[in-house]
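Novice: Got a predicted structure here, sequence first:
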Amino acid sequence: MKHKAIREGVLSCACLFSTTMVTMAQQSQTTIKKTPIQRTSAASGQEMFNSYCAACHGKDAKGNGPAVAALKVPPPDLTTLSQRHGGKYPTMYVESVLKFGAENLPAHGTKDMPVWGPLLGSVSGGINAPQTTQRIYNLNQYIEGLQAK
């Protein structure tokens, strides 16, 4: 009788442990939920960064956003762009990545990063619209202001 109670207790603990491990494994498999782009102020680089970039790059731009666990390659630390480009902020490089994506930029990693030009254009009247150009300029200026000294 005593052995049966002990065996049932051990089995109960094993079942509880298994259930807990399965639940934890399911929770650790993070996925990125893709949602339509939300309209933000074209005048605010910070607002656009927080809405469009921070999920992956982090609010501090160091590559530690909440979506990192679901990415194959972690996003780069954007605060070190100047350091990684000979001490000068690479304005044209960042503009190109924002407008056309990182497909042909092997240093950027995988194609996980969205191509923001068409996305920003979708809320600004097209990829070549003045407001899209303003958005990319202001976002680029904001990222430049985040550079580590």
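Specialist: All right, it came through fine. As the structure is a computational prediction, the values presented were derived from the model and not from experiment.
Novice: Give the next helix or strand downstream of the helix or strand hosting G117.
Specialist: Per DSSP states H and E: G117 is located in helix 116-122. Next helix or strand after helix 116-122 toward the C-terminus (DSSP H and E): helix 130-145.
Novice: That next one: which residues count as buried?
Specialist: 132-133, 135-136, 138-140, 142-144 (16 or more other CB atoms under 10 Å). In short, each C-beta sits where N, CA and C put it, glycine included.
Novice: Same question for stretch 89-101.
Specialist: 89-90, 93-99, 101.
Novice: Check stretch 70-78 too.
Specialist: 71, 75-78.
Novice: Need the distance between the two termini of it.
Specialist: 19 Å (CA to CA, to the nearest Å).
Novice: Rounded mean pLDDT for stretch 49-61, please.
Specialist: Averaged across stretch 49-61, pLDDT comes to 94.
Novice: what residues does that stretch touch?
Specialist: 32, 37-38, 40, 63-68, 71, 75-79, 112-113, 116, 119, 139, 142-143, 146 (CB atoms under 8 Å, 6 or more residues apart in numbering).
Novice: and if you look at stretch 88-102?
Specialist: Residues from elsewhere that reach stretch 88-102 (CB under 8 Å, 6+ apart): 81-82, 85, 105, 108-109, 111, 113-117, 120, 127, 136-137, 139-140, 143-144, 147.
Novice: Filter those down to the buried ones.
Specialist: 81-82, 108, 113-117, 120, 127, 136, 139-140, 143-144, 147.
Novice: of all the residues you listed, which comes closest to G45?
Specialist: Set against G45, the nearest of the buried ones among the contacts of stretch 88-102 by CB to CB is L139 (4.8 Å).
Novice: Pretty sure that closest one sits against M48.
Specialist: Yes. The pair L139 / M48 is scored as a contact, 4.9 Å apart, by CB atoms under 8 Å.
Novice: circling back to that earlier point, does anything pack onto the helix holding G117? Which helices or strands?
Specialist: helix 91-100, helix 130-145 (3 or more CB pairs under 8 Å, 6 or more residues apart in numbering; DSSP states H and E).
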